[in-house]
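[1] Whatever this is, show me its structure:
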Amino acid sequence: MENDIDLNLYKVFSKVVETGNITKASEKLYVSQPAITKSIKQLENSLGGTLFTRTKKGVELTEEGKVLYIHVKKILEDISNAQNKFNSLINLEEGKIKIGASATVTKHFLMPYIEKFHSMYPNIEICIVNELTKNLVNDLKYGYLDFLVTNMPINISSDLNVEVCAKLHDTFATSKKYIDLQDRKIKLSDIGNYKTIAQKEPSNTREFLNNFMKQNNILFKPDIEIVSYALVVEFIKSGFGIGYVTKEFVREELEKEEIYEVLIDKKIPERNLGIVTLKNNIPSFASQKFIELLKEDIKD
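    Next comes the predicted model:
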């Protein structure tokens, strides 16, 4: 067995394990599938054993491969941490931040911070990835994102860390078409007597609403379900019914009286926006600075 094995072979090996598929690994690493296969074969020859078995869905680790991966993963994490620590000394003269967030959180929460950070560090590139939260969490774990900013609660595994960066308050809202509801309180159980609008599953906001209704023994089935939060607001403004919104995200519409809050007899619990990071990774210095900026306005 060769003593000096190219570190890049271990990086390829790790990426194949993470994706479980030669094709996906080649896409993530921007190299051809034959090159990936060749690298794995070279590593196996150097180690003197088989690392993967092929399946219909892709590849699976052998028992020996599983043991190797445990140590390789730790080594690559240590190298990544060392590089991030080194880069933190460059005084933010260059770099890139990759943030995962929904389009709604990006527009209504992150944008002022992005603008402020850019004015402070104009040479730092900021990349925003808008996706479903579960997909963003996977991207974070695979190292494709530096951190997430997402509506809470979400299912958090032991390798993730969450810090609150803002408080959110949900409410029901409607348009002038239902002006009779303005300034009077109705029972939560009577919401279903009106046309209702909500985000389509899966979304953190919809899951939170479903749980709230369930806790109050109400079976909630919206008349209109929409993927986009922005379109939920537009449907409310257009008079399609009562919709479920977050006050902090519709502040402008409420102030302009384009929509009106519907008062109910039950208190909707407060929610949080959370910053999600990997416990085992030290974020780049640029990411740490951005996170510090987000946390500046947290109020007890």
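
[2] C-alpha from now on. contacts and neighbour counts both.
    Noted.

[3] Pull up the pairing partners for the host helix or strand of I99, direction included.
    Following DSSP states H and E, one finds I99 within strand 95-101. Under the criterion DSSP bridges, strand 95-101 sits next to strand 124-129 (parallel), strand 147-151 (parallel) in its sheet.

[4] what's the closest of those strands to T246?
    In terms of CA to CA, the element of the strands paired with strand 95-101 nearest to T246 is strand 147-151, at 10.7 Å.

[5] Quick one: residues in contact with the closest one.
    If you take CA atoms under 8 Å, 6 or more residues apart in numbering as the criterion, strand 147-151 is touched by 98-102, 105, 133, 136-137, 140, 204-205, 271-278, 287.

[6] how far is it from where the chain is centred?
    How far strand 147-151 lies from its chain's middle: 5 Å, per CA atoms, centre = their mean, to the nearest Å.

[7] Show me what the following helix or strand past it is packed up against.
    Sequence order places strand 160-168 as the next helix or strand after strand 147-151, per DSSP H and E. Applying 3 or more CA pairs under 8 Å, 6 or more residues apart in numbering; DSSP states H and E, one finds that strand 160-168 contacts strand 271-278, helix 285-295.

[8] Paired strands for strand 160-168, with orientation please.
    strand 271-278 (antiparallel).

[9] Report the mean confidence score over the strand it pairs with.
    The pLDDT scores in strand 271-278 average 91.

[10] cool, and stretch 33-43?
    Mean per-residue pLDDT for stretch 33-43: 92.

[11] Please identify which of the helices and strands packed on strand 160-168 is closest to I114.
    Of all these, the one in closest proximity to I114, counting by CA to CA, is helix 285-295 (8.4 Å).

[12] buried set for the closest one?
    F285, A286, S287, Q288, F290, I291, L293, L294 (16 or more other CA atoms under 10 Å).

[13] Then stretch 68-75?
    Neighbour-count burial for stretch 68-75 [16+ other CA under 10 Å]: L68, Y69, V72, K73.

[14] Make a markdown table out of the residues you listed and add distance to S175, pLDDT and secondary structure.
    Shown next, in a markdown table, are the buried residues of stretch 68-75 (distance: CA to CA, whole Å; pLDDT from 0 to 100; DSSP: H, G, I helix; E, B strand; the rest coil):
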| residue | distance to S175 | pLDDT | secondary structure |
| --- | --- | --- | --- |
| L68 | 60 | 92 | helix |
| Y69 | 57 | 92 | helix |
| V72 | 57 | 92 | helix |
| K73 | 54 | 91 | helix |
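
[15] Out of the residues you listed, which is nearest to I259?
    Among the buried residues of stretch 68-75, K73 lies closest to I259 (CA to CA), at 51.2 Å.

[16] Would you mind listing where the chain has pLDDT under the threshold?
    Within the chain, the stretches with pLDDT under 70 are 1-3, 88-92, 298-300.

[17] Which parts of the stretch 151-300 of the chain are helices?
    Assigned by DSSP state H, counting those that start in this stretch, the stretch 151-300 of the chain shows helices spanning 204-215, 229-237, 251-255, 285-295.

[18] for the ones you listed, which one sits closest to V245?
    Here helix 229-237 is closest among the helices of the stretch 151-300 of the chain (CA to CA), at 7.4 Å.

[19] Show me what the closest one is packed up against.
    Helix 229-237 packs on strand 170-174, strand 196-199, strand 242-246, going by 3+ CA pairs under 8 Å, 6+ apart.

[20] So which residues make contact with it?
    For helix 229-237, the external contacting residues (CA under 8 Å, 6+ apart) are 104, 173-175, 197-199, 226, 241-245, 250, 258-259.

[21] Give the PyMOL command for selecting the buried subset of those.
    In PyMOL, this line selects whichever of the contacts of helix 229-237 come out buried by 16+ other CA under 10 Å:
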select buried, resi 104+173+174+175+197+198+199+241+242+243+244+245+250+258+259
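
[22] Any figure for the gap between L68 and L43?
    From L68 over to L43 the distance is 12 Å, taken as CA to CA, to the nearest Å.

[23] What residues sit buried inside stretch 115-122?
    F117, Y121.

[24] Export only the CA atoms of that stretch, formatted as CSV.
    Taking C-alpha atoms only, stretch 115-122 is exported to CSV below (Å, rounded to 0.1, in the frame of the first residue of the first chain):
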residue,chain,number,x,y,z
GLU,A,115,-27.1,46.1,1.8
LYS,A,116,-25.4,47.2,5.0
PHE,A,117,-22.8,44.4,4.8
HIS,A,118,-22.1,45.2,1.1
SER,A,119,-21.5,48.8,2.0
MET,A,120,-19.0,47.8,4.7
TYR,A,121,-17.2,45.0,2.7
PRO,A,122,-17.9,45.6,-1.0
